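Chemist: What follows is a predicted structure for the sequence shown.
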Amino acid sequence: MSCLTGILQLLQVLTTLSGCNIYSYAENRREFRLNGRTHLLVRAMHRFWLRPWLVVTFVLHFIYWVMEFLRGLTDATPGSERPLNLIYGIGLAVVIHQNYVISLAMAYYYRYHRLQIRQLLNGFVGIYHGYERICGREPIINWWFFFIQTFRVFTASVAPLIKSKFKFVGFGSKMDIIIRDSAVLFICLQPFLLSVVGHLGILILYACYDIQVNNGRRRRRSLQLLDYYRHLIRLRQNLDFLVRPIVWTLVLENILLFIGGFHLYLYDMQSVGHMGKCILTSSVFPLTFLHVIAKIRFIEREFGVFKADSRKQAKLQVFWLFKKVMQVTIDKTELNIFKLDRGLILETLRHAWVFAMFTNSILLNSTARLKHFESVKYKKLL
């Protein structure tokens, strides 16, 4: 059993036990099949636990932050720190509950796209075995990239364990306890496992794009390669639709880390080391992910680039038409994770820098500035 097979089997068991997987792999048929008993349990959990929890959490947070915003507007106290605390509180709430988007997407996909999820899983099985037939070996996974992405997913998933100080308006501690205990499952455990599966799927797709076939063998198998390319492009598009919440949520976490690093540097004046550490840790994942996406786009542009004879000319023309149609339709959306490029990252970092400067200006014009600088000087003396 290979390392990839062992990890996939472990993830299948963990996702099933945590209630976010209703499919089991049939080795003899080489396909994923619906597990009836697990499906009934997961459907009951979504109907009576997950969906009500999502609605209640959204409503309570909406009420709380609207009330805080209204208090900030009506507070006429000179030198009030309420606007600054409001910005910090919203930032902390986003960090803690950013995986709420993944839970919301999980509920949506489970209800409306179960068939597409099964098609995606079986598509991976077909591409995996197709790669073995063409190349004579299994795909080689970049495990360094997998460990980097898993670490970033882990840091984003443990954020809900942070104890926030605010309480919801009009509700007691029992409601807070129920919501926070449910968040351990729906914002911590399930999004962590789904994110690991999603990023592993991207790396498997990346490995299947790297087709190492010599020229002679490539010419003999050109017709088989065209079918493989077509299924690979369709698999990439289906994967893009299902992992968008996972990828963009992790990108959001790295942006928040970037803002926090600059913000600490701006008002501490001597936290250059901390800023460098935050920037380094927040840029590792975007750089590795950008490398994977750029390599996939580059290889995909080379698909079908070989001499065609009369026997395969028609099929080659159909394949190029298929690529063109996909590029101007499905791949055109701005949320496509496989369109992530260096320009978008630099533009996002520019906006993050502007926001850090804005929060720093609010801090410098508040009474909290003196208290903070006194604590900084005390730490320097220690």
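Modeler: Good, I have the coordinates.
Chemist: what ranges do the helices span in the stretch 101-250 of the chain?
Modeler: With DSSP state H, counting those that start in this stretch as the criterion, the stretch 101-250 of the chain has helices at 114-135, 143-157, 173-183, 190-209, 215-220, 222-268.
Chemist: Mind telling me which of these the model trusts least?
Modeler: Of all the helices of the stretch 101-250 of the chain, helix 215-220 carries the lowest average pLDDT, namely a mean of 54.
Chemist: Based on its surroundings, how many neighbours for residue 62?
Modeler: 10 (other C-beta atoms under 10 Å). No exception for glycine: its C-beta is placed from N, CA and C like everyone else's.
Chemist: so which helix or strand takes in it?
Modeler: helix 51-74 (DSSP states H and E).
Chemist: which strands and helices sit next to the helix or strand following that helix?
Modeler: As assigned by DSSP H and E, the chain's next helix or strand after helix 51-74 is helix 82-97. Here helix 82-97 touches helix 51-74, helix 222-268, helix 342-364, going by 3 or more C-beta pairs under 8 Å, 6 or more residues apart in numbering; DSSP states H and E.
Chemist: closest one to residue 29 among those?
Modeler: Smallest distance to residue 29 across the helices and strands packed on helix 82-97 (C-beta to C-beta): 18.2 Å, for helix 222-268.
Chemist: mind listing what's buried in the next helix or strand after that closest one?
Modeler: Downstream of helix 222-268, the first helix or strand assigned by DSSP H and E is helix 272-301. Buried residues in helix 272-301, defined by neighbour count with 16 or more other C-beta atoms under 10 Å: 275, 278-279, 281-283, 285-286, 288-290, 292-293, 296, 300.
Chemist: Which strands or helices does helix 272-301 pack on?
Modeler: helix 143-157, helix 190-209, helix 222-268, helix 342-364.
Chemist: quick one, it and helix 342-364 angle?
Modeler: 160 degrees (axes from the mean of the first three to the mean of the last three C-alpha atoms, to 10 degrees).
Chemist: Distance check, residue 294 against residue 247.
Modeler: As judged by C-beta to C-beta, to the nearest Å, residue 294 and residue 247 stand 15 Å apart.
Chemist: scratch that, residue 129 is what I was asking about
Modeler: 26 Å.
Chemist: what would the helices and strands packed on helix 82-97 look like in a markdown table with distance to residue 146?
Modeler: Below are the helices and strands packed on helix 82-97 laid out as a markdown table (distance: least, C-beta to C-beta, whole Å):
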| stretch | distance to residue 146 |
| --- | --- |
| helix 51-74 | 30 |
| helix 222-268 | 14 |
| helix 342-364 | 21 |
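Chemist: Just say which of those helices is most tucked in.
Modeler: Highest mean neighbour count among these (mean count of other C-beta atoms under 10 Å): helix 222-268, with a mean of 19.
Chemist: mind checking how far that helix is from the chain centre?
Modeler: With C-alpha atoms, centre = their mean, to the nearest Å as the basis, helix 222-268 stands 6 Å off its chain's centre.
Chemist: Redo the helices and strands packed on helix 272-301 as TSV? Include distance to residue 60.
Modeler: Listed next are these as TSV, based on distance: least, C-beta to C-beta, whole Å:
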stretch	distance to residue 60
helix 143-157	22
helix 190-209	20
helix 222-268	21
helix 342-364	26
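Chemist: quick one: which of the ones you listed is nearest residue 119?
Modeler: With C-beta to C-beta as the yardstick, what comes closest out of those is helix 222-268 (6.6 Å).
Chemist: right, and out of the buried residues of helix 272-301, which lies closest to residue 205?
Modeler: Among the buried residues of helix 272-301, and counting by C-beta to C-beta, the member closest to residue 205 is residue 296, at 7.3 Å.
Chemist: before we move on, the earlier item: quick one: closest of the helices and strands packed on helix 82-97 to residue 91.
Modeler: Between the helices and strands packed on helix 82-97, helix 222-268 lies closest to residue 91; by C-beta to C-beta that is 7.0 Å.
Chemist: Now do that closest one against helix 272-301, angle only.
Modeler: Using the same axes, to 10 degrees: helix 222-268 against helix 272-301 is 160 degrees.
Chemist: Can you tell me how far residue 96 is from residue 46?
Modeler: In this view, residue 96 and residue 46 are 23 Å apart by C-beta to C-beta.
Chemist: got it, and residue 30?
Modeler: Using C-beta to C-beta, residue 30 is found at 29 Å from residue 46.
Chemist: Residue 18 now?
Modeler: 13 Å.
Chemist: so what sits against both of those two?
Modeler: Overlap of the contact sets of residue 18 and residue 46 (by C-beta atoms under 8 Å, 6 or more residues apart in numbering) is empty.
Chemist: is it fair to say residue 33 lies in a strand?
Modeler: Yes. According to DSSP: H, G, I helix; E, B strand; the rest coil, residue 33 belongs to a strand.
Chemist: Could you verify my assumption that it touches residue 24?
Modeler: Yes. Shown here, residue 33 and residue 24 form a contact pair, counting by C-beta atoms under 8 Å, at 6.1 Å.
Chemist: What is the helix holding residue 62 packed up against?
Modeler: Against helix 51-74 (3+ C-beta pairs under 8 Å, 6+ apart) you get helix 82-97, helix 100-112, helix 173-183.
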